[in-house]
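>>> Next come a sequence and a model predicted from it.
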Amino acid sequence: MEENELYRKWMRLVENLEREGIIKSEKVKRAFLRVPRYKFVPERYKEYAHVDEPLPIPAGQTISAPHMVAIMFELAELEEGMNVLEVGTGSGWNAALIYELVKRDVYTIERIPELVEFARRNLERAGYKNKVHVILGDGTKGFPPKAPYDRIIVTAGAPKIPEPLIEQLKVGGKMLIPVGSYHLWQELLEVIKISEDNKIKIKNHGGVAFVPLVGEYGWRE
Ligand code: SAM
């Protein structure tokens, strides 16, 4: 499929998400239009990138469905200048979207080396080489060198909220994280840090389905 045709289909999906009330803000819509998902999926799935479902990426992982990403980004309330950590780089798509919303360097951490390479390649081709920094590591431990963060966005399902991620949030900062069972069912939690001694407030945004967050403070391998 030609790039024009891919983009036309992508625009139509974004407009549908807006019509359904899933994309609510102009800034999230603008970011989605600037970073089409087809630039971040393996070649053979490009023609399905506008379908509102997760798609396979290397190493048996997935790129999330557009509606899921839109829900998380509306809840995240990202603003220009915010310091953001993403846990679970996958394809690099979400990290590029984050960049379009905060307009400053974004840090994203991935545990599978093959996906670090995949994401770096996608990000370079899409023009985010020195804007999004992909780190190989266990994101359940966060990324202390750039902490504290205004926002932490976790795109894999955890058994519980990893303590290091709470520690690395600013007071008043917010984390979005799916928490629940190993496969197919978690609840999307919005976690707000309310004091220096790591007290948090939690809002539950209901059922979601993510691949597992595997690491020291997540599911054990
Ligand atoms: N945000 C991604 C994107 O834009 O394509 C999709 C993320 S995919 C649903 C979840 C990712 O989390 C997988 O790539 C998986 O390898 C990664 N992951 C799981 N446990 C992790 C951990 N402890 N640290 C970093 N990444 C992890």
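Here it is on my side, so go on. Predicted model, so just to flag it, every value in this text is computed and none were measured.

>>> quick one: pLDDT of G81?
G81 is assigned a pLDDT of 98 by the prediction.

>>> Now do the same contact list for it.
G81 makes contact with V102, K103, R104, according to Cβ atoms under 8 Å, 6 or more residues apart in numbering. C-beta here means a position set from N, CA and C on the backbone, and glycine is covered the same way.

>>> From D105, how far out is it?
11 Å (Cβ to Cβ, to the nearest Å).

>>> go on, L55?
Where D105 is concerned, L55 sits at a distance of 27 Å (Cβ to Cβ).

>>> who has more neighbours, those two?
Taking other Cβ atoms under 10 Å, L55 and D105 do not tie; L55 has more neighbours (20 against 13).

>>> Give me the phi and psi angles of the more buried one.
phi -130, psi 150 (degrees, to the nearest 10).

>>> residues from the chain in reach of the ligand?
Applying Cβ under 6 Å from any ligand atom, we find that the chain lies next to the ligand at 61-64, 87-88, 90-91, 93-94, 109-112, 115, 138-140, 155-156, 210-211, 213-215, 218.

>>> Narrow those to those in helices?
Among these, the members found in helices (DSSP state H) are W93, N94, L115.

>>> need the contact list for the first one.
Listed by Cβ under 8 Å, 6+ apart, the contact partners of W93 are V35, R37, K39, F40, I63, V69, N122.

>>> Okay, and which of the residues you listed map to strands?
The members of those that map onto strands under DSSP state E are I63.

>>> I'd like the contacts of W93 as JSON lines, with neighbour count and pLDDT appended.
Output for the contacts of W93, formatted as JSON lines (neighbours: other Cβ atoms under 10 Å; pLDDT from 0 to 100):
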{"residue": "V35", "neighbour count": "22", "pLDDT": "98"}
{"residue": "R37", "neighbour count": "26", "pLDDT": "98"}
{"residue": "K39", "neighbour count": "21", "pLDDT": "98"}
{"residue": "F40", "neighbour count": "28", "pLDDT": "98"}
{"residue": "I63", "neighbour count": "24", "pLDDT": "97"}
{"residue": "V69", "neighbour count": "23", "pLDDT": "98"}
{"residue": "N122", "neighbour count": "25", "pLDDT": "98"}
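
>>> show me the residues around L85 that make contact.
Counting by Cβ under 8 Å, 6+ apart, L85 makes contact with 107-109, 139, 142-143, 146-147, 149, 151-153, 168.

>>> Looking at the residues you listed, spot the one nearest the ligand.
In terms of Cβ to the nearest ligand atom, no member of those lies closer to the ligand than G139, at 3.1 Å.

>>> so the closest one makes contact with Y107?
No. Taking contacts as Cβ atoms under 8 Å, G139 lies outside contact range of Y107: 10.0 Å.
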